[in-house]
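Novice: sharing a sequence plus its predicted fold:
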2 protein chains.
Amino acid sequence: MGKPKKLLNNPVDVVTELIDGLTAACGGDLRRLDGRNAVVRTEIADGKVALLIGGGSGHEPMFPGFVGPNLADGAPCGEVFAAPTPDLILDTLSAVDRGRGVLMVYGNYAGDNMNFDIAAELAEEVGIVTRTVRVWDDVAAAPLDRITDRRGIAGDFFVIKVAGGAAAELSDLDEVYRVAVKARDNTRSMGVALAAGSIPETGERTFELPEDEIEIGMGAHGEPGIARRKITDADAIAEEMTDRILADLPFSAGDEVALLVNNLGATTCMEMLIVARKVHHVLKARGIAVHRTDVGSFLTCQEMAGLSITLMKLDGELKRYLDMPARSFAYSRA
Amino acid sequence: MGKPKKLLNNPVDVVTELIDGLTAACGGDLRRLDGRNAVVRTEIADGKVALLIGGGSGHEPMFPGFVGPNLADGAPCGEVFAAPTPDLILDTLSAVDRGRGVLMVYGNYAGDNMNFDIAAELAEEVGIVTRTVRVWDDVAAAPLDRITDRRGIAGDFFVIKVAGGAAAELSDLDEVYRVAVKARDNTRSMGVALAAGSIPETGERTFELPEDEIEIGMGAHGEPGIARRKITDADAIAEEMTDRILADLPFSAGDEVALLVNNLGATTCMEMLIVARKVHHVLKARGIAVHRTDVGSFLTCQEMAGLSITLMKLDGELKRYLDMPARSFAYSRA
C-alpha cells in the first residue's frame, strides 16, 4: 500500500495543533497547560482525588478526548507513538492535584511506565501522593501468567470510565485505586488488523499485510499478533476473538459484562455493527448477559483498518461507576 | 487503489446485520420493525409529533444512529446507497405516528424524494398527516439560485437534532415543521475527499483520485465536486472550504454558529481536530462566534478519506433545540 494522503500542516506540529482543536471544540471545559502539550479540566473541585491519564499521541481520541467531568482531570500528550516526558507528566500532575493525591491510569508500555514512574518520584519529592494503574488488557500480547507483559489497548477506556466515576465520588485515593484495579483486572481485549496505519511525520505504514490477509491480536502500534491468515467472514473472526477473550479471564455463564467494539481507525460503522451483533450472539450462547455496549473510535492507530473487542466483567460497583453520567470530547453519557 | 478488505459476511445481508448490531448495542431503546430493515424507538409517547428520518444505507451512523429520545422516532433503511422503498417508509411512518402527524427529514436525492413522496401520499390515504423537510446543505452541489438541486450531506445532523428537540417539545406538526425548515435554511456544508470509499457488495471504489490529488466539494457517494487539485496543507484547504460556506448563506460578523466537522470515513481524529482548529481561527477572524462544536463520524461514505465542514447560523430557538439533551447510538448529550 502507498502512503495515505492526510490533511496536515507541518507534521512536527500535529500534537500541538490537535490539542488546539480539542480545546476549541470543548469550548471552555478544557484548557491547554501553559503552552505545553497537555490538557486539563478548567474546573476541578477542591479536595477531589485527581485522575491523570496519558500516553503517546496518534491514538486519538485516547487519551485527551476522555478528559472531563466524571472522567479524567488531565492528560499529558507525548509526541506521536512516544511516551510523554517525566517533566510534562509532573507538570500536568501538579496542575490537577487538589491535595488528595493523583491516580495515574495509562497503558502498559515500557516508555510510559518509565516516565510515569519518574514523574511519580518527582511528585513525591514535592509532596504529591500518586498511585498507578497500568492497563494490560490485550490478551494477545502475552500469556496469562505474564499478564504484566501485556499491552494496554481499548480496555483503557473502561478503566478510565470507572476510575473517573470513582474519583468524582470517593474522597480517598486508595479507594479510587482499589476500584480502578478491579476494573483493570476484569477487563480483556483483542484486536484484529486488516490494513496498517501510518506515521504522520513520514507517511510510512507501520507494517505490511498482504492484500488478502488479516492479523489477529495485532497491537495498537502494529506490534505482531498471534496469527496471520487469509481474511474470512466477519462472524468467524468475531467468534474466534470473543472466544479467546472469554477463555482468558475466564468469563462464565451467569456473568454480566460491558462490551466495547473499538474502531482502530478506518473501519466502517457498518462493519463495527456487524461485529457487535456477532459478539452479542456468542455471549448469549455462552449465557453471558450484556449490561451495555459501546461502539466507536476510542483508541485508534491512525488510519489502521481493523477493530478490537473488549469485555469487562461487572459487579455492582463497577456497573455503578461505568454508568455514571460523563462529558468529554469523545464520550458523553446522559 | 485496490479493493479494501472488510469485515463482512454475505454482502447482501449488510443492512439486515448492521440493524441487528444497532438494536443489540442500544439495549432496548430501539427495536427492528417486524423483520424489516427499519428501526423505531421502543417507547414513543402518545400525542407526540413523530420525526421520521431515513435514506440509503452505507452512510452509518446516518440515519439509524440518530433514533432516540429528543432525536428521531424511526428510520427506514434502504439498501446500500439506495433509497428505502415507499412501502418500507409507509410502514415505519405508521409505526411511529401517535396521532399528531409525522415530520419526515431526509437528504435531497431524487430516489429519496420520490419514495418519501409516494409514502406520504399513501399515508394520507390512511389518515396520517405528514410534512417533509429535504436537507440541501451541500453548497458545492449547485449554485445558490438552484438550492433545491443541492444534496443533503452532514448538515442532516443539525436539522435532525433541532427537529428532534422541537418534535419532543411542541405539540403541533406545523410548528415542528417551521423550526426544522429554519434549521435547514440556516445550514451550509462542504466536503473534501482524499480517497474513495467502496461499495460493500462489490468492493469497487466509488471513484478514482490520483495519489497526490484531492477533490473539494465531492458528494457523499462520490459525486463530482467543484475542484480537483494537488493536495496542500490542512489549513489552506480548511480555510477555502470555510470561506465558501460563509459566502453562501452568507454568514456575517456578529453571527453565532454551530460547527460540525464530519468524518467521511477513514480520516483520523488527529486530522479532524487540526481542521476544527483552523475553522475556529477563520471564524474568529471573521467575527463569528462558535456556540458549540461537534467533531466525529455523522454521515460517512464507507471508508472514504476526507471530511466535511458544516455551519448552522443560530438564533435563540435553534440554540435551544440544538442544546437539548439527547440519546442515541451515535449521539448522546447530557
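Specialist: Looks like it came in fine.

Novice: and the one helix or strand residue A:214 maps to, what does it pack against?
Specialist: In this assignment (DSSP states H and E), residue A:214 forms part of strand A:213-216. Under the contact criterion of 3 or more CB pairs under 8 Å, 6 or more residues apart in numbering or on different chains; DSSP states H and E, strand A:213-216 touches strand A:187-195, strand A:227-230, helix A:234-248. (Each C-beta comes from the backbone N, C-alpha and C, glycine too.)

Novice: now for the following helix or strand past the longest one, which elements pack on it?
Specialist: Think helix A:234-248. Counting by DSSP H and E, the next helix or strand C-terminal to helix A:234-248 is strand A:256-263. Contacts defined by 3+ CB pairs under 8 Å, 6+ apart place strand A:256-263 against helix A:155-169, strand A:187-195, helix A:269-285, strand A:289-296, strand A:305-313.

Novice: any chance of those in a markdown table, with distance to residue B:60 and mean neighbour count too?
Specialist: Converted to a markdown table, the helices and strands packed on strand A:256-263 look like this (distance: least, CB to CB, whole Å; neighbours: other CB atoms under 10 Å in any protein chain shown):
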| stretch | distance to residue B:60 | mean neighbour count |
| --- | --- | --- |
| helix A:155-169 | 21 | 28 |
| strand A:187-195 | 18 | 28 |
| helix A:269-285 | 4 | 23 |
| strand A:289-296 | 10 | 19 |
| strand A:305-313 | 14 | 27 |
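
Novice: give the contact list for the nearest residue to residue A:231 once chain neighbours are set aside.
Specialist: With sequence-adjacent residues excluded and distances taken as CB to CB, 6 or more residues apart in numbering or on different chains, residue A:231 is closest to residue A:214, at 4.9 Å. For residue A:214, the contact set (CB atoms under 8 Å, 6 or more residues apart in numbering or on different chains) comprises A:192-194, A:228-231, A:237, A:306, B:5.

Novice: give me that answer again for 7 Å
Specialist: By CB atoms under 7 Å, 6 or more residues apart in numbering or on different chains, the contact list for residue A:214 reads A:192-194, A:229, A:231, B:5.

Novice: equivalent analysis for residue A:155, please.
Specialist: By CB under 7 Å, 6+ apart, the contact list for residue A:155 reads A:135, A:137, A:187, A:189, A:310.

Novice: which one of these sits closest to chain B?
Specialist: Among the contacts of residue A:155, residue A:310 lies closest to chain B (CB to the nearest CB), at 13.7 Å.

Novice: wait, isn't the closest one in contact with residue A:154?
Specialist: Yes. Using CB atoms under 7 Å, residue A:310 is in contact with residue A:154, at 5.0 Å.

Novice: which ones are touching residue A:181?
Specialist: By CB under 7 Å, 6+ apart, residue A:181 lies in contact with residue A:133.

Novice: quick check, the residue in the stretch 1-150 of chain A closest to chain B?
Specialist: Closest point on the stretch 1-150 of chain A to chain B, by CB to the nearest CB, is residue A:21, at 3.2 Å.

Novice: thinking again about what came up before, which one of the contacts of residue A:214 is nearest residue B:91?
Specialist: residue B:5 (35.5 Å; CB to CB).

Novice: state the distance from the closest one to chain A.
Specialist: Distance of residue B:5 to chain A, computed by CB to the nearest CB, to the nearest Å: 4 Å.

Novice: check which helix or strand residue A:103 maps to.
Specialist: Under the assignment here (DSSP H and E), residue A:103 is part of strand A:102-107.

Novice: adjacent strands (with direction) for that strand?
Specialist: Using DSSP bridges, the strands paired with strand A:102-107 are strand A:50-53 (parallel), strand A:130-135 (parallel).

Novice: for the helix or strand just after it, list every residue counted as buried.
Specialist: Following strand A:102-107 in sequence order, the next helix or strand is helix A:110-125 (DSSP H and E). Neighbour-count burial for helix A:110-125 flags A:112-113, A:115-116, A:119-120, A:122-123 (criterion: 16 or more other CB atoms under 10 Å in any protein chain shown).

Novice: thinking again about what came up before, among the contacts of residue A:214, which one lies nearest to residue A:107?
Specialist: Nearest to residue A:107, judged by CB to CB, of these is residue A:193 at 17.2 Å.

Novice: just to revisit the earlier point, which pLDDT value belongs to the residue of the stretch 1-150 of chain A closest to chain B?
Specialist: For residue A:21, the model assigns a pLDDT of 98.
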